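Visitor: sharing a model prediction with you, sequence too.
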Amino acid sequence: MTQVRVLAGTHKGGFVLTSDASREKWEISEPHFAGWDVYHMKGSPADPNRLYASQNTGWFGQIIQRSDDGGATWQAVGNDFTYATEPGTHLWYDGTPRPWEFKRIWHLEPSATDPDVVYAGAEDAALFRSADGGATWTELTGLRTHTTAASWQPGAGGMCLHTIILQEPRIYVAISAAGTFRSDDEGQTWQPVNHGLVSEGIPDTDAEVGHCVHHVEAHPSKPDTLFMQKHWDVMRSDDGGLSWTEVSGNLPTDFGFPIAVHPHEAETIYVVPITSDSLHYPPDGRLSVYRSRSGGNEWERLTRGLPQQDCYVNVYRDAMAVDTLDDAGIYFGTTGGQVYASADSGDTWAPIARDLPAVLSVEVQVID
């Protein structure tokens, strides 16, 4: 029997929501790692029983948790994230130099072929790899020692490496607020891929780095086509990130955090606009998902089942995901603790959890 498993990381623990293929009734687990920030939970495409979670507090630091039974039990497997090199300093918000400092893991990306291989994106902006199921970690130093790294600055949420796209041997990462980077040799060397991005305070459209990218996604059938939600502007690249064009079109505001691509339709994408960079809630207090079936520019507002008054929640960059069923499911979580799901590609929505802690991430698995 097909099972759908939604993994929600929150400010006070991780939750596993399960349903069958109908996605009508959901069971919610008790919180895993209760009381801890769980920045990200993700399952291995190579083994449906293997899950990874990033558990963090200011008191006890960073711990990676692993489950080998679909979330029924967990074990702490690794917390030794050591920068392999110290390249000096990066810039702080005010432009002064600041030493590199490891703070937390924002994103975990398991390999599609080996359940023991998993990548981790850190703050301050580093990429780590484990080949033993998260027990030990090695920094891929070519990124943080890039010639531009001394000029990287943090975004409002820190200098986090929050996006990892594996197209091995090609890898993409995105860093707030440095930009998007591409490696064609499994993470050994990197090039900035930000041409065409325009950001406040960066008048040079050819600037290599400095852009506050919020999230990037790609579709497996069109690996060179990337979609980006940045700090203002929804962007698209059709050449592997070498150049970008804006596709914000008729969105009510082009500021937001997540972006998702339909599992079967490579030109269908989803965003959740919020009012501005200082007002992190939906325009007019009406929660809406916007869908484009043309890869951008032309957008339709999806509201059926979503609150349309007095709604002042936000949706974080890793808090939107899609399943792979024929009638595609779209999922997102809010800072108000709701997880919404659509079993018809976004036409209608319903809450599958209402009263969780603030949701930091949402991922989904389909288990046959």
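Guide: Nice, I can see it.

Visitor: low-confidence ranges, this structure, go.
Guide: Along the chain, the model assigns pLDDT under 70 to residues 203, 205.

Visitor: rerun that using 50 as the cut-off
Guide: Applying pLDDT under 50 to the chain picks out no residues at all.

Visitor: most centrally placed residue in it?
Guide: In the chain, the centroid-proximal residue (C-alpha atoms, centre = their mean) is Asp318; its distance is 3.2 Å.

Visitor: what residues does stretch 83-95 touch?
Guide: Residues outside stretch 83-95 that contact it (C-beta atoms under 8 Å, 6 or more residues apart in numbering): 97-100, 102, 124-126, 138-139, 141, 144-145, 149-154, 159. For the C-beta atoms, the positions are set from N, CA and C on the backbone; glycine is no exception.

Visitor: do I have it right that Gly285 meets Leu279?
Guide: No. Using C-beta atoms under 8 Å, Gly285 makes no contact with Leu279, being 10.6 Å away.

Visitor: His32 pairs with what?
Guide: Gly14 (DSSP bridges).

Visitor: you'd agree it is up against Lys12?
Guide: No. The criterion here is C-beta under 8 Å, and His32 misses it with Lys12 at 10.7 Å.

Visitor: my read is Ala150 is in a helix, agree?
Guide: Yes. Per DSSP: H, G, I helix; E, B strand; the rest coil, Ala150 lies within a helix segment.

Visitor: and it, what does it touch?
Guide: Pro87, Gly88, Thr89, His90, Leu91, Pro97 are the contacts of Ala150 under C-beta under 8 Å, 6+ apart.

Visitor: who wins for most neighbours among those?
Guide: Within the contacts of Ala150, neighbour counts (other C-beta atoms under 10 Å) peak at His90, which reaches 22 neighbours.

Visitor: doesn't that residue lie inside a strand?
Guide: Yes. His90: assigned to a strand according to three-state DSSP.

Visitor: hey, what's it bridged with?
Guide: Following DSSP bridges, His90 is listed with bridge partners Arg98.

Visitor: before we move on, what about Thr163?
Guide: Beta bridges link Thr163 to Ala174 when assigned by DSSP bridges.

Visitor: hey, where'd the helices end up in this protein?
Guide: Remark: helices assigned in the chain by DSSP state H are 141-144.

Visitor: residues near Lys222, how many?
Guide: 13.

Visitor: give me the distance between it and Gly78.
Guide: With distances taken as C-beta to C-beta, to the nearest Å, Lys222 is found 34 Å from Gly78.

Visitor: go on, Thr57?
Guide: 16 Å.

Visitor: of the two, who's got more company?
Guide: Between Thr57 and Gly78, counted using other C-beta under 10 Å, the more crowded position is Gly78 (20 against 13).

Visitor: correct me, but the more buried one touches Ala135?
Guide: Yes. Here Gly78 reaches Ala135: they are 5.0 Å apart, a contact under C-beta under 8 Å.

Visitor: find the nearest non-adjacent residue to Thr334, please.
Guide: Distances taken as C-beta to C-beta, 6 or more residues apart in numbering put Val313 closest to Thr334, at 3.9 Å, once the chain neighbours are dropped.

Visitor: wait, what's in contact with the one you found?
Guide: Val313 is in contact with Tyr281, Pro282, Leu287, Thr334, Thr335, Gly336, Gln338, counting by C-beta under 8 Å, 6+ apart.

Visitor: is it true that the fifth one touches Pro357?
Guide: No. Distance between Thr335 and Pro357: 9.4 Å, which falls outside the contact criterion (C-beta under 8 Å).

Visitor: ranges for the strands of the stretch 151-300 of the chain?
Guide: 160-167, 170-176, 179-183, 191-192, 213-219, 222-230, 234-237, 245-246, 256-261, 269-273, 289-292, 300-302 (DSSP state E, counting those that start in this stretch).

Visitor: okay, the ones you listed in JSON lines with distance to Arg23 next?
Guide: JSON lines is the format used below for the strands of the stretch 151-300 of the chain (distance: least, C-beta to C-beta, whole Å):
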{"stretch": "strand 160-167", "distance to Arg23": "26"}
{"stretch": "strand 170-176", "distance to Arg23": "30"}
{"stretch": "strand 179-183", "distance to Arg23": "33"}
{"stretch": "strand 191-192", "distance to Arg23": "40"}
{"stretch": "strand 213-219", "distance to Arg23": "22"}
{"stretch": "strand 222-230", "distance to Arg23": "25"}
{"stretch": "strand 234-237", "distance to Arg23": "27"}
{"stretch": "strand 245-246", "distance to Arg23": "34"}
{"stretch": "strand 256-261", "distance to Arg23": "16"}
{"stretch": "strand 269-273", "distance to Arg23": "17"}
{"stretch": "strand 289-292", "distance to Arg23": "17"}
{"stretch": "strand 300-302", "distance to Arg23": "17"}
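
Visitor: and Thr73, which of these is closest to it?
Guide: strand 160-167 (26.1 Å; C-beta to C-beta).

Visitor: returning to that earlier point: quickly list what the residue nearest to the centre of the chain is bridged to.
Guide: Taking DSSP bridges as the rule, Asp318 bridges to Ser361.

Visitor: for it, give its distance to Asp239.
Guide: Here Asp318 is placed at a distance of 26 Å from Asp239 (C-beta to C-beta).

Visitor: on that earlier part again, turn the contacts of Val313 into JSON lines, columns for neighbour count and distance to Trp26.
Guide: Listed next are those as JSON lines, based on neighbours: other C-beta atoms under 10 Å; distance: C-beta to C-beta, whole Å:
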{"residue": "Tyr281", "neighbour count": "18", "distance to Trp26": "26"}
{"residue": "Pro282", "neighbour count": "25", "distance to Trp26": "24"}
{"residue": "Leu287", "neighbour count": "25", "distance to Trp26": "20"}
{"residue": "Thr334", "neighbour count": "25", "distance to Trp26": "16"}
{"residue": "Thr335", "neighbour count": "19", "distance to Trp26": "20"}
{"residue": "Gly336", "neighbour count": "19", "distance to Trp26": "18"}
{"residue": "Gln338", "neighbour count": "21", "distance to Trp26": "13"}
